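Engineer: sequence unknown, structure follows:
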């Protein structure tokens, strides 16, 4: 009896995880410059595509501004970087605010990643 109950609970959690992963995939979209600039609260839908495709790698700052628009803020401490707000993706797990972080070296993109506030 106890094993059947554990089995049912395990199946329930497995189904929940699979559904969550499907929903996350559905919410992702390919990067589109016009949508990025016109719908800043939905940027989270495209941010994975930007990072995974490496479309910004090696580009100069001026081209990044053409593609993404002006950054929401800049880092000029030990790193030269642009920060873009990506909106608030729906999440079951995290309530931390995420940003797109673009780090430059010699005025060209060196790294693109998500940063957490």
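Structural biologist: Looks like it arrived, so ask away. This structure is a prediction, so every number in the text was calculated from the model and none was measured.
Engineer: So the residue most central in space within the chain: helix, strand or coil?
Structural biologist: Residue closest to the average C-alpha location in the chain (Cα atoms, centre = their mean): residue 47, at 3.7 Å. Secondary structure assignment for residue 47 (DSSP: H, G, I helix; E, B strand; the rest coil): helix.
Engineer: try residue 18
Structural biologist: Counting by three-state DSSP, the backbone at residue 18 sits in helix.
Engineer: show me the contacts for residue 112.
Structural biologist: By Cβ atoms under 8 Å, 6 or more residues apart in numbering, the contact list for residue 112 reads 50, 51, 54, 56, 57, 100, 101, 102, 103. Every C-beta, even on glycine, is put in place using the N, C-alpha and C of the backbone.
Engineer: Repeat that for residue 65.
Structural biologist: Neighbours of residue 65 in contact, by Cβ under 8 Å, 6+ apart: residue 71.
Engineer: now it: how far from residue 46?
Structural biologist: As judged by Cβ to Cβ, to the nearest Å, residue 65 and residue 46 stand 17 Å apart.
Engineer: Please apply the same query to residue 104.
Structural biologist: Taking Cβ to Cβ as the measure, residue 104 and residue 46 are separated by 21 Å.
Engineer: for the protein, where's the lowest mean pLDDT among helices and strands?
Structural biologist: Sorted by mean pLDDT, DSSP states H and E, the helices and strands of the chain end with helix 2-27, the least confident at a mean of 70.
Engineer: Report all helices and strands that the next helix or strand after that helix contacts.
Structural biologist: Downstream of helix 2-27, the next assigned helix or strand under DSSP states H and E is helix 33-38. Helix 33-38 is packed against helix 61-68, with contacts defined by 3 or more Cβ pairs under 8 Å, 6 or more residues apart in numbering; DSSP states H and E.
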